[in-house]
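Student: Predicted model follows, preceded by the sequence.
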Amino acid sequence: LVRRLGGQPGPLAQADPDHIGLWGHSMGGGITLKAATAQPNLVDAAVLYGAMSGDEARNHDRIFNYFTNGARGLYDPNHPPSATELQRLSPIYHLNRLAAPISVHHGELDGEVPPWWSEDLCDRLRELGKAVECFTYAGQPHTFTGEGDALFMERVVEFFQRHLQPEAPS
């Protein structure tokens, strides 16, 4: 939609269809990683902030057992997803498809989404030679506050400027 309508009169008039960045926090970070992996030609840069895992089996377990204590997140109990289905849906197993640079940010004291999930993602992306930068914020929870939040915002703005700004004509 942004590629088609960006820069034209209407709600996307200020959107640049040739430079699309995604930014997702928590579950939105998981969606951002899925989009960047599933449609690598549509995403030019992505920021993951306290993002869920790229492994849907981990996410399912976290949502079902931790977030909702078994009340939500369960697939059809008569047809639970198989390990093969969860792997097929998990971007962590398809990171080779990524084309966009990724900026990963996670609070050291995140009690909602385990920080090691971001560390694991960063390790995998580095092993594949992908463009990735990874930041851990000391003393920060799931949603950053104070100086940690200010530093995060500075880094995100700089990242998007670096990767999404149209090149100046020469």
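Tutor: That came through fine. Residues are numbered from 1 along each chain as shown.
Student: Tell me the first helix or strand C-terminal of the lowest-mean-pLDDT helix or strand in the chain.
Tutor: In the chain, the helix or strand scored least confidently by mean pLDDT, DSSP states H and E is helix 56-61, which has a mean of 83. Downstream of helix 56-61, the first helix or strand assigned by DSSP states H and E is helix 83-89.
Student: list the helices and strands that following helix packs on?
Tutor: Secondary-structure packing of helix 83-89 (3 or more C-beta pairs under 8 Å, 6 or more residues apart in numbering; DSSP states H and E): helix 56-61. For every residue, glycine as well, the C-beta is placed using N, CA and C.
Student: Now tell me what touches the least confident helix or strand of the chain from outside.
Tutor: Residues from elsewhere that reach helix 56-61 (C-beta atoms under 8 Å, 6 or more residues apart in numbering): 30, 52-53, 73, 75, 81, 83, 86-87, 89-90, 117.
Student: in that helix, what's buried?
Tutor: When neighbours are counted by 16 or more other C-beta atoms under 10 Å, the buried residues of helix 56-61 are found to be 56-60.
Student: Just confirm residue 52 is within a strand.
Tutor: No: secondary structure of residue 52 (DSSP: H, G, I helix; E, B strand; the rest coil): coil, not part of a strand.
Student: buried stuff in the top helix by length along the chain?
Tutor: Ranked by number of residues, the top helix in the chain under DSSP state H is helix 146-164. Neighbour-count burial for helix 146-164 flags 148, 152, 155-156, 159-160, 163 (criterion: 16+ other C-beta under 10 Å).
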